[in-house]
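A.B. asks: got a sequence here, can you model it:
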Amino acid sequence: MWGGDCVRMRWTAALLALLILPGVACATGGAGSGDTEDIVASVPFGDGERLVYELVDADGAVVGRGVFTTTVQDRDAFGLVQTYEEVETPSGERPIVDVVTVVVDAVTLKPRLAERSIQRREPSDDEWYLAKYEAEAGEPQLVITQHSGGSERTREIELRDHHYDSQSSLWIWRALAFAEDFEANYVSVNPRDASQVTARLVLVDRQTIEVPAGSFETWRLQVRNGRDTRIAWIHVEPPHEIVQWDNGTLFLRLVESTGP
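C.D. replies: As a prediction, this is how the structure comes out:
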């Protein structure tokens, strides 16, 4: 399915953009309207869950695979792990692999630690970061250590209230208080760019959709950040899997799920 350099470049760009909320890369202020709040009502997933997704580009081609796993850590925390890889690596070339781990409180899903490792075609282009969510004199802070292009740097940012790590989005959206009139604002933190923005969530309606895993009755969740709007389709029934996610670059579609 690999037709040349343009396809491989498109996959690389799409992979890196997959879970970053629209507009996060450059923004540090707010978006949407209203005050922010904690959005987790009840955690519907547990230890040992595994969800497999196909990554589909704008042309309808399956360009990658994503595997989501949830594991208990230290009894009071979850390790939320996402692994993305291309469907087929060109002969003789290094595979592109993106692995993200976020450690969150098991009840609130508030972040404690985040780590991301991106393996590209050339080792010199590899990227890695470790982000630690800390409290200094009662004020929440994020300390980020990054390795990229052979260099290392550390950055710190003061965190706003009601924050969640952006790479845990496809878990925290499953923990909302689902109702037809639901809407909320919260702070989404992107450690890769040391940025944080206000994200607005609105449950628009219910819709039945078909994905490789089958037919699902879903809530259609509108995710708004500045002028960009994206859509997540969330299974109406617990454990409220993300059945499909359109991030503007790729579609993530559920292929199979294994419960705890």
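A.B. asks: give me the low-pLDDT residue ranges for this structure?
C.D. replies: Along the chain, the model assigns pLDDT under 70 to residues 1-34, 136-137.
A.B. asks: swap the cut-off to 50 and go again
C.D. replies: Residue ranges of the chain with pLDDT under 50: 1-11, 16-17, 19-33.
A.B. asks: paired strands for the longest strand along it, with orientation please.
C.D. replies: Ranked by number of residues, the top strand in the chain under DSSP state E is strand 195-211. Looking at strand 195-211 with DSSP bridges, its partner strands are strand 183-190 (antiparallel), strand 214-225 (antiparallel).
A.B. asks: ends of stretch 187-201, how far apart?
C.D. replies: In stretch 187-201, first residue to last residue: 11 Å (CA to CA, to the nearest Å).
A.B. asks: for stretch 102-110, that is, sorry about that
C.D. replies: Chord length of stretch 102-110, first to last residue, is 10 Å (CA to CA).
A.B. asks: which residues touch it?
C.D. replies: Defining contact as CB atoms under 8 Å, 6 or more residues apart in numbering, one finds that stretch 102-110 is touched by 38, 40, 43, 72-73, 75-80, 111-114, 133, 163-165, 167-168, 171-172, 175. Where you see a C-beta, it was placed from the backbone N, CA and C, and this is true even at glycine.
A.B. asks: just the buried ones from those, in ChimeraX syntax?
C.D. replies: Those of the contacts of stretch 102-110 that count as buried under 16 or more other CB atoms under 10 Å are selected in ChimeraX with:
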select :38,40,43,73,77,78,79,80,111,112,113,114,133,163,164,165,167,168,171,172,175
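A.B. asks: just the contacts of stretch 102-110: which are in helices?
C.D. replies: If you go by DSSP state H, those have W171, I172 in helices.
A.B. asks: which ones among the contacts of stretch 102-110 map onto strands?
C.D. replies: With strands defined by DSSP E, the entries of the contacts of stretch 102-110 inside them are 72-73, 77-80, 111-114, 133, 163-165.
A.B. asks: now stretch 207-224 - C-alpha only, PDB.
C.D. replies: Taking Å, rounded to 0.1, in the frame of the first residue of the first chain, the C-alpha atoms of stretch 207-224 are listed here in PDB:
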ATOM      1  CA  GLN A 207     -25.800   8.200  16.400                       C
ATOM      2  CA  THR A 208     -25.400   4.600  15.300                       C
ATOM      3  CA  ILE A 209     -22.200   4.000  13.400                       C
ATOM      4  CA  GLU A 210     -20.400   1.000  11.800                       C
ATOM      5  CA  VAL A 211     -16.800   0.300  12.500                       C
ATOM      6  CA  PRO A 212     -14.700  -2.900  12.000                       C
ATOM      7  CA  ALA A 213     -15.700  -4.000  15.600                       C
ATOM      8  CA  GLY A 214     -19.400  -3.800  14.700                       C
ATOM      9  CA  SER A 215     -22.400  -1.600  15.000                       C
ATOM     10  CA  PHE A 216     -22.600   0.800  18.000                       C
ATOM     11  CA  GLU A 217     -25.100   3.200  19.400                       C
ATOM     12  CA  THR A 218     -22.900   6.200  20.300                       C
ATOM     13  CA  TRP A 219     -22.900   9.600  21.900                       C
ATOM     14  CA  ARG A 220     -21.500  12.100  19.400                       C
ATOM     15  CA  LEU A 221     -19.100  14.300  21.400                       C
ATOM     16  CA  GLN A 222     -18.000  17.700  19.900                       C
ATOM     17  CA  VAL A 223     -14.500  18.700  21.100                       C
ATOM     18  CA  ARG A 224     -13.800  22.400  20.500                       C
END
